[in-house]
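*Asks:* A predicted structure for the sequence below; I have some questions about it.
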Amino acid sequence: MPKGASSPEAQACVEAWRRHMETFWTPNDEQLLGLANGYHDDPRFRANFDKIDPNLAGFIREAVKAYVKKGHRFLGLHRFFFRNMKRTLGSLGGADK
C-alpha cells in the first residue's frame, strides 16, 4: 500500500485477482468495480479487510478503479512477471546467470 493503488505492484495484484476469478467466470470492468465497491461498502466484507488493515478495502477499491481506468489488462502482471522471471528461474536453478 505504501507505493499507491496505481503502482505496478498493486496493479499486478488486481490483475492476478481478476485472472483467478476467470476460473469461475469472466468479469467485465463494471463487475470488477462492483466487487471492489462491495468490499468497501458492505460492512460484512469490510470487517474482514479491516482485520488486515483499516485502509485495505479503500485501497482495493482505488486499485481496481485505476486498473479499469488504465484499461491495461494483463499489463501489471506481465511487468511484474518479466521483471522477476530471471531472478525466480535462477533461484530454481533453471536459468543461466
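*Replies:* Perfect, thanks for sending it. Remember, it's a predicted structure, so these values are computed and weren't measured experimentally.
*Asks:* center of the protein, which residue is that?
*Replies:* In the chain, the residue lying closest to the centroid (C-alpha atoms, centre = their mean) is residue 14, at 1.8 Å.
*Asks:* secondary structure element for residue 63?
*Replies:* Residue 63 is part of helix 56-70, with elements assigned from DSSP states H and E.
*Asks:* name the helices or strands packed onto that helix?
*Replies:* If contacts are counted by 3 or more C-beta pairs under 8 Å, 6 or more residues apart in numbering; DSSP states H and E, helix 56-70 sits against helix 8-21, helix 29-41, helix 43-52. C-beta coordinates here come from the backbone N, C-alpha and C atoms, glycine included.
*Asks:* of those helices, which approaches residue 70 most closely?
*Replies:* Closest to residue 70 of the helices and strands packed on helix 56-70, according to C-beta to C-beta: helix 8-21, at 7.5 Å.
*Asks:* now do the residue nearest to residue 27 when sequence neighbours are not counted against residue 69, distance only.
*Replies:* Closest residue in space to residue 27, ignoring its immediate chain neighbours: residue 21 at 5.6 Å, by C-beta to C-beta, 6 or more residues apart in numbering. Counting by C-beta to C-beta, to the nearest Å, the gap from residue 21 to residue 69 is 19 Å.
*Asks:* so those two - more neighbours on which side?
*Replies:* Each of residue 21 and residue 69 had its neighbours counted (other C-beta atoms under 10 Å), and the higher figure belongs to residue 21 (14 against 11).
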